[in-house]
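A.B. asks: Quick one, fold the following:
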Amino acid sequence: MDSSTIKLTQYSHGAGCGCKISPAILDKILHSSVAAQTDPRLLVGNDKRDDAAVLDLGNGTALISTTDFFMPIVDDAYDFGRIASANAISDVYAMGGKPVLAIAILGWPIDKLPPEVAQKVLEGSRAVCAEAGITLAGGHSIDCPEPVFGLAVNGMVSIPQLKQNSTAEQGCRLYLTKALGVGILSTAQKRGVLLPEDAAIALKSMVTLNKLGEVFAKMEGVKAMTDVTGFGLLGHLTEMCEGSGLSAEIEFDKVPVISSIPYYLELNCFPGGTQRNLNSYGHKVGPLTEEQKYILADPQTSGGLLVAVSEETTVEFEQLLKELGHEFQSFGRLNTQNDGPLISVL
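C.D. replies: Residues are numbered from 1 along each chain as shown. Here you go, the predicted model:
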């Protein structure tokens with residue numbers, strides 16, 4: 001088999017973070033009648049539904065620990081390794097941390113795909129780890145029916161700078177650091193209708209590290225943060241609202257969206273994960289148009305950071321973004337909860 005002609009997406013039933021188990025099913029899996037053991041050093045655990053676990057080291061700093069892996073979202077093995085690694089490392093950035101170490105997780109169908117292809121996956125991973133300033137220090141592999149790759153990542157954070165998804169405040173403005181639509185473009189790729197220029201846009205988005213999280217950690221006005229992945233913007237915003245005891249109002253025309261997405265929606269290119277997402281949390285969201293459903297619930301792979309910024313800090317926050325070469329605008333606001341939907345879309 002010529003490894004240069006292999007298309008990895010043909011060997012998996014799902015793609016990227018679209019493989020994630022739906023929020024509704026995940027709730028059932030995580031539910032337990034047995035009281036969870038508590039560790040006073042654990043600042044963030046599974047009960048928080050946050051991006052990573054956080055352990056107080058007793059010296060003013062904390063250890064961030066996370067893992068993330070999935071099946072191929074692109075055909076190229078090197079790019080698959082890059083995307084999966086950027087996605088896993090993002091959880092550390094989303095907590096305001098600095099990544100320090102990574103361990104690889106590899107599942108490989110050794111009867112279907114040659115080891116040289118897996119080697120390219122690891123090369124892509126090492127490249128992204130080097131960009132993040134960390135070492136891919138080892139890992140574990142198994143013979144698996146479908147190709148799977150990801151990382152377990154550790155990071156460090158000064159405890160006062162720790163960001164969570166459950167600490168937003170009333171009046172916070174909402175920002176998103178990457179445009180939505182990667183799941184739609186990935187579906188278009190699997191169907192063979194993705195334009196080359198859009199393939200490049202999707203790849204650039206997915207391999208871009210969320211290093212901004214380290215910068216935002218130093219801002220007291222950044223009250224909460226998470227990354228947007230398989231549950232879509234609505235799903236991760238739902239977690240932020242529920243964790244913080246707030247509701248959200250979204251201005252749809254201000255949500256960053258990849259410009260070519262309407263073209264692919266006309267071709268009915270949307271992943272199955274979109275409907276699974278809506279089935280899980282759609283009842284918590286106000287009325288949506290079909291376009292809004294497919295975009296706001298689109299499963300993102302290595303998506304951007306969802307940031308809640310106190311209203312009095314927005315000018316300072318946006319000025320910082322401009323200095324860093326970005327011009328994200330606020331697309332929504334967090335309010336007190338009322339009898340209406342948890343999330344309203346205007």
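
A.B. asks: contacts, neighbours, all on C-alpha from now
C.D. replies: Fine.

A.B. asks: quick check: domain ranges of this structure?
C.D. replies: 3-161, 173-345 (automatic domain parsing).

A.B. asks: Need the phi and psi values for residue 317.
C.D. replies: phi -60, psi -50 (degrees, to the nearest 10).

A.B. asks: what ranges do the strands span in this protein?
C.D. replies: 42-44, 53-56, 61-70, 98-108, 135-143, 148-158, 173-176, 222-227, 246-250, 305-309, 332-336, 343-345 (DSSP state E).

A.B. asks: Could you single out the most deeply buried of these?
C.D. replies: strand 222-227 (a mean of 28; mean count of other C-alpha atoms under 10 Å).

A.B. asks: quick check: angle from it to strand 305-309?
C.D. replies: 170 degrees (axes from the mean of the first three to the mean of the last three C-alpha atoms, to 10 degrees).

A.B. asks: follow-up on the earlier one: would you turn the domains of the chain into a markdown table with mean pLDDT and distance to residue 167?
C.D. replies: As requested, those are arranged in a markdown table below (pLDDT from 0 to 100; distance: least, C-alpha to C-alpha, whole Å):
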| stretch | mean pLDDT | distance to residue 167 |
| --- | --- | --- |
| domain 3-161 | 86 | 11 |
| domain 173-345 | 94 | 5 |
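
A.B. asks: Tell me which residues touch the spatially most central residue of the chain, please.
C.D. replies: The centre of the chain sits closest to residue 229, judged by C-alpha atoms, centre = their mean, with a distance of 2.9 Å. Each residue near residue 229 by C-alpha atoms under 8 Å, 6 or more residues apart in numbering is listed here: 17, 236, 299-304.

A.B. asks: same thing with residue 234?
C.D. replies: 296-297, 343.

A.B. asks: Now do the helices in the protein.
C.D. replies: Per DSSP state H, the chain carries helices over the ranges 23-30, 77-94, 115-131, 182-190, 196-207, 212-216, 232-244, 261-266, 272-281, 290-296, 314-323.

A.B. asks: Who are the packing partners of the fourth one?
C.D. replies: The contact analysis (3 or more C-alpha pairs under 8 Å, 6 or more residues apart in numbering; DSSP states H and E) places helix 182-190 against helix 196-207, helix 261-266.

A.B. asks: on that earlier part again, between the contacts of residue 234, which sits nearest residue 145?
C.D. replies: residue 297 (28.6 Å; C-alpha to C-alpha).

A.B. asks: any idea what sits nearest that closest one, other than its immediate chain neighbours?
C.D. replies: residue 232 (4.4 Å; C-alpha to C-alpha, 6 or more residues apart in numbering).

A.B. asks: burial of the one you found, as a residue count?
C.D. replies: 29 (other C-alpha atoms under 10 Å).

A.B. asks: same thing with the one 10 residues further on?
C.D. replies: When counting by other C-alpha under 10 Å, one arrives at 15 neighbours for residue 242.

A.B. asks: Apart from its chain neighbours, what residue comes closest to it?
C.D. replies: Using C-alpha to C-alpha, 6+ apart, the closest residue to residue 242 is residue 166 (7.5 Å).

A.B. asks: Any chance of the strands of the chain in JSON lines with distance to residue 212 as columns?
C.D. replies: Output for the strands of the chain, formatted as JSON lines (distance: least, C-alpha to C-alpha, whole Å):
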{"stretch": "strand 42-44", "distance to residue 212": "21"}
{"stretch": "strand 53-56", "distance to residue 212": "19"}
{"stretch": "strand 61-70", "distance to residue 212": "17"}
{"stretch": "strand 98-108", "distance to residue 212": "11"}
{"stretch": "strand 135-143", "distance to residue 212": "20"}
{"stretch": "strand 148-158", "distance to residue 212": "14"}
{"stretch": "strand 173-176", "distance to residue 212": "11"}
{"stretch": "strand 222-227", "distance to residue 212": "11"}
{"stretch": "strand 246-250", "distance to residue 212": "23"}
{"stretch": "strand 305-309", "distance to residue 212": "8"}
{"stretch": "strand 332-336", "distance to residue 212": "20"}
{"stretch": "strand 343-345", "distance to residue 212": "26"}
